[in-house]
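Asker: Any chance you could fold what I've pasted below:
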Amino acid sequence: QVQLVESGGGLVQPGGSLRLSCTASGGRLDDYNIGWYRQAPGKEREGVSCINNSDGSAYYEDYVEGRFTVSRDNAKNSVSLQMNSLKPEDTAVYYCNRNSGPSYRWAWGQGTQVTVSS
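Answerer: Numbers count the residues shown, from 1 in each chain. Below is the predicted model:
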């Protein structure tokens, strides 16, 4: 079973940047389409971005398009999410997982907290 670890979160002022990292043990991330998700307090988990394993193409939800960039480092078995121009509404716990239907996803990691506040 693949185990996921997210890191890189923190407290940042509006307009600031953070770079999140997703690493895995027990499997190769580059064998799968990988998505970033987030869950804000009191809200359901939602998708943010995903990156394909076949050609490295990326997809972004409208609310992060132009501000976030997802990338892979296959040598490190990791997927990163560069987040720029952060807004208070980006505050959430961020997770990575397979970009697939719920029954195909791995167990969720602990996530990494991103707080955007002045």
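
Asker: which residue sits closest to the residue nearest the centre of the chain, ignoring its sequence neighbours?
Answerer: Most central in the chain under Cα atoms, centre = their mean is residue 36, positioned 2.9 Å from the mean C-alpha point. Leaving aside its sequence neighbours, residue 36 sits nearest to residue 48 (Cβ to Cβ, 6 or more residues apart in numbering; 4.4 Å). (Glycine included, C-beta is placed from N, CA and C.)

Asker: I'd assumed residue 39 was in contact with the one you found.
Answerer: No - between residue 48 and residue 39 there is no contact under Cβ atoms under 8 Å: 10.4 Å.

Asker: So for these two, which residue has more residues nearby?
Answerer: residue 48 (24 against 15; other Cβ atoms under 10 Å).

Asker: hang on, the more buried one in a strand?
Answerer: Yes - using DSSP: H, G, I helix; E, B strand; the rest coil, the assignment for residue 48 is a strand.

Asker: got the contact list for it?
Answerer: With contacts defined as Cβ atoms under 8 Å, 6 or more residues apart in numbering, residue 48 is in contact with 35, 36, 37, 38, 60, 61, 64, 68, 81, 94.

Asker: mind redoing it with 7 Å?
Answerer: With Cβ atoms under 7 Å, 6 or more residues apart in numbering as the criterion, the residues that contact residue 48 are 36, 37, 38, 61, 64, 68.
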